[in-house]
Structures are given as C-alpha cells and as structure tokens.
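Enquirer: When you get a sec, could you give me coordinates for this:
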Amino acid sequence: MATKLDKPIKRELEIDGRAYMVTVSPEGVKVVEKGKRKGHEISWTALVSGDAAIAAELRASLDALPPQR
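Expert: Model (predicted):
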C-alpha cells in the first residue's frame, strides 16, 4: 500500500554538475536551482491532463523557428 502524499517532500538532485531542489507536494512538482527562488512548477492537474506535454511541444516548435528580425 502506498503512503498518501499529504505534505511536501524535498530532495536534492544534481544535473550536469548543478544542484537542484525538487519539491513534490499535494499540489504538484517544483524544480528550483539550489540557492535560487524561481524555478519551474507544474500542477498534477496539468501533468495528468496532458497540458504539460502540449506546452513542451509548443515550446520546442517555437524554439525551432528562425529568429525574428
């Protein structure tokens, strides 16, 4: 049986030599570079509804466009 997520859980994660804090809470997931305040956050609703995947695909398609003059 799984434990219910009723309070935030914080863990440190290293990616490419940089430390990040990952917070998993009942509201969603947040990733912030260690020592910073702003990061990326996604709600569970957006994750399970597919909004996160749509946003990532949109961002990738916009990044593929040539720069505007």
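Enquirer: Go through the worst-scoring helix or strand of the chain on mean pLDDT and flag the buried ones.
Expert: Lowest on mean pLDDT, DSSP states H and E among the helices and strands of the chain sits helix 51-63, with a mean of 78. Neighbour counts over helix 51-63 (16 or more other CB atoms under 10 Å) mark Ala52 as buried. Glycine gets a C-beta too; all of them are placed from N, C-alpha and C.
Enquirer: Equivalent analysis for stretch 21-29, please.
Expert: Met21, Thr23, Ser25.
Enquirer: what helix or strand is the second one on?
Expert: In other words, Thr23. strand 18-24 (DSSP states H and E).
Enquirer: which residues are in contact with that strand?
Expert: For strand 18-24, the external contacting residues (CB atoms under 8 Å, 6 or more residues apart in numbering) are 5, 8-14, 29-35, 39.
Enquirer: Keep only those of the residues you listed that are in strands.
Expert: Ile9, Lys10, Arg11, Glu12, Leu13, Glu14, Val29, Lys30, Val31, Val32, Glu33, Gly39 (DSSP state E).
Enquirer: what bridges to the second one?
Expert: Listed by DSSP bridges, the beta-bridge partners for Lys10 are Thr23.
Enquirer: residue contacts, it?
Expert: Counted by CB under 8 Å, 6+ apart, Lys10 has contacts Met21, Val22, Thr23.
Enquirer: can you redo the residues you listed as JSON lines with pLDDT and distance to Glu57?
Expert: Shown next, in JSON lines, are the contacts of Lys10 (pLDDT from 0 to 100; distance: CB to CB, whole Å):
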{"residue": "Met21", "pLDDT": "96", "distance to Glu57": "27"}
{"residue": "Val22", "pLDDT": "95", "distance to Glu57": "23"}
{"residue": "Thr23", "pLDDT": "96", "distance to Glu57": "25"}
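Enquirer: Tell me the one of the residues you listed nearest Ser61?
Expert: Distance to Ser61 across the contacts of Lys10 (CB to CB) is lowest for Val22, with 27.0 Å.
Enquirer: quick one: the closest one from Ile42, how far?
Expert: Per CB to CB, to the nearest Å, Val22 is found 12 Å from Ile42.
Enquirer: Under the pLDDT cut-off, which ranges of the protein? List them.
Expert: Residue ranges of the chain with pLDDT under 70: 68-69.
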